[in-house]
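Enquirer: sequence and predicted structure, then a few things I'm wondering about:
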Amino acid sequence: MWALGEPLLVDRAAERRDLADLASLHAVVVRNGSILAMDGRLAILAPAEQPSASLRVYLGVDAGRDVVALVPEDSAFGTDTDGIGGDGMIPLRALLGQLAQRGREGARDRELAATAVALTTWHANHPRCAVCGGQTEPIKGGWVRYCERDSREHYPRTDPAVIVAITDPEDRLLLAHASYWSPRRFSHLAGYVEPGESLEQAAHREVFEEARLRLRDLAYVGSQPWPFPASIMVGFTASVDSSEFVLDQDEISEAMFVSREEIVELVADGTVILAPHGSIARRLLEEWYGGPIDDATRAERITV
């Protein structure tokens with residue numbers, strides 16, 4: 001399980017971004033939000049093992065070696081297996097839970113994977129200058145894009161979002177289903193921070209807009225990078241004086257307050273699918289619950 005409040009495990013070594021020969025370094029392979037991995041571990045390839053690259057971005061120093069994120073030129077690389085040794089491209093969302101089970105080593109891999117996905121997605125989405133529309137080029141190890149036409153530097157953006165674990169007077173937890181999620185998936189209320197408001201104000205506003213609930217005892221818990229595509233999730237807990245809510249029926253289509261006993265039953269019979277292990281949403285839920293929740297459904301247990 002990832003830990004709140006811990007420093008980075010990978011030295012980002014910003015002073016080396018302009019100096020390192022990116023083509024000669026070990027690489028994490030990333031493409032369209034997926035990472036080359038096998039058995040819940042990142043595949044970090046030596047230079048001789050690497051595919052041809054369309055982009056390299058310096059990630060930092062890990063275990064005494066410089067590491068880059070590499071985007072392969074071949075769009076089919078790793079679709080099934082890559083020929084390296086059975087590794088394949090795994091979506092970062094799917095990989096998070098596996099990494100969360102591996103302690104400090106998994107946390108290190110999560111840092112590398114999240115940074116690689118965030119930076120390469122930014123490059124893919126922002127190839128041109130936002131001012132003049134001219135083509136930009138990566139500089140400073142891929143942490144900046146430069147527009148030669150108007151001599152501007154452009155930097156990666158991070159969009160803050162808040163997520164709130166809400167309890168009612170009976171200490172039941174609010175679970176909500178967003179209208180655009182897959183069926184049966186429930187989590188906490190969340191939303192993006194808007195210009196001109198603090199994180200706390202965003203939490204109050206989002207919850208009131210989505211469920212007409214007024215929060216009290218709002219408390220910061222921690223944060224997590226969430227590169228889907230470019231966010232940081234800021235977690236809070238809060239309580240409400242009444243369990244009565246009114247959903248906006250636009251973003252949130254279903255919600256319910258559940259007890260600890262009820263959530264176990266809902267997960268066991270497949271009525272509710274929880275946020276993935278390794279996410280701050282799961283961390284908030286299990287801190288309220290008091291420990292891990294087994295999310296294998298009854299049907300899955302029968303077939304295994």
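Expert: Sure, I can see it.
Enquirer: only C-alpha atoms for contact and neighbour calcs from this point on.
Expert: Fine.
Enquirer: check contacts around the nearest residue to Asp62 once chain neighbours are set aside.
Expert: Nearest residue to Asp62, sequence neighbours excluded (CA to CA, 6 or more residues apart in numbering): Val10, at 5.4 Å. Residues near Val10 by CA atoms under 8 Å, 6 or more residues apart in numbering: 60-62, 108, 111-112.
Enquirer: shaky segments in the stretch 201-304 of the chain?
Expert: Applying pLDDT under 70 to the stretch 201-304 of the chain flags residues 296-304.
Enquirer: for it, which segments are assigned as strands?
Expert: 216-226, 231-239, 252-258 (DSSP state E, counting those that start in this stretch).
Enquirer: so can I have CSV of these showing mean neighbour count and distance to Gln98?
Expert: Listed next are these as CSV, based on neighbours: other CA atoms under 10 Å; distance: least, CA to CA, whole Å:
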stretch, mean neighbour count, distance to Gln98
strand 216-226, 16, 16
strand 231-239, 21, 20
strand 252-258, 18, 27
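Enquirer: let me have those strands in a markdown table, extended by distance to Arg16.
Expert: Shown next, in a markdown table, are the strands of the stretch 201-304 of the chain (distance: least, CA to CA, whole Å):
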| stretch | distance to Arg16 |
| --- | --- |
| strand 216-226 | 23 |
| strand 231-239 | 25 |
| strand 252-258 | 45 |
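Enquirer: out of the ones you listed, nearest to Gly133?
Expert: Judged by CA to CA, the one of these that comes nearest to Gly133 is strand 231-239, at 24.3 Å.
Enquirer: what's the angle from the closest one to strand 216-226?
Expert: If you take axes from the mean of the first three to the mean of the last three CA atoms, to 10 degrees, strand 231-239 sits at 160 degrees to strand 216-226.
Enquirer: what does strand 231-239 contact?
Expert: Residues contacting strand 231-239 (CA under 8 Å, 6+ apart): 158-169, 199, 215-226, 280-281, 284.
Enquirer: would you map out the domains in the chain?
Expert: What automatic domain parsing lists as the domains of the chain is 14-125, 126-157, 159-295.
Enquirer: export those domains to CSV and append columns for distance to Gly5.
Expert: CSV is the format used below for those (distance: least, CA to CA, whole Å):
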stretch, distance to Gly5
domain 14-125, 13
domain 126-157, 22
domain 159-295, 7
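Enquirer: output stretch 190-203 as PDB, restricted to C-alpha atoms.
Expert: Only the C-alpha atoms of stretch 190-203 are listed here, as PDB (Å, rounded to 0.1, in the frame of the first residue of the first chain):
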ATOM      1  CA  ALA A 190     -15.100  14.200  -6.500                       C
ATOM      2  CA  GLY A 191     -14.500  17.000  -8.900                       C
ATOM      3  CA  TYR A 192     -12.000  19.400 -10.400                       C
ATOM      4  CA  VAL A 193     -10.900  22.600  -8.600                       C
ATOM      5  CA  GLU A 194     -12.100  25.700 -10.500                       C
ATOM      6  CA  PRO A 195     -10.200  29.000 -10.900                       C
ATOM      7  CA  GLY A 196     -10.400  31.300  -7.900                       C
ATOM      8  CA  GLU A 197     -11.200  28.700  -5.300                       C
ATOM      9  CA  SER A 198      -9.200  26.800  -2.700                       C
ATOM     10  CA  LEU A 199      -9.100  23.000  -2.400                       C
ATOM     11  CA  GLU A 200     -11.500  23.200   0.600                       C
ATOM     12  CA  GLN A 201     -13.900  25.400  -1.300                       C
ATOM     13  CA  ALA A 202     -13.900  23.100  -4.200                       C
ATOM     14  CA  ALA A 203     -14.800  20.200  -1.900                       C
END
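Enquirer: buried residues, it. List them.
Expert: 190-193, 199, 202-203 (16 or more other CA atoms under 10 Å).
Enquirer: tabulate those (JSON lines), appending secondary structure and distance to Ala178.
Expert: What follows is the buried residues of stretch 190-203, written out as JSON lines (DSSP: H, G, I helix; E, B strand; the rest coil; distance: CA to CA, whole Å):
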{"residue": "Ala190", "secondary structure": "strand", "distance to Ala178": "10"}
{"residue": "Gly191", "secondary structure": "strand", "distance to Ala178": "11"}
{"residue": "Tyr192", "secondary structure": "strand", "distance to Ala178": "14"}
{"residue": "Val193", "secondary structure": "coil", "distance to Ala178": "18"}
{"residue": "Leu199", "secondary structure": "helix", "distance to Ala178": "21"}
{"residue": "Ala202", "secondary structure": "helix", "distance to Ala178": "18"}
{"residue": "Ala203", "secondary structure": "helix", "distance to Ala178": "16"}
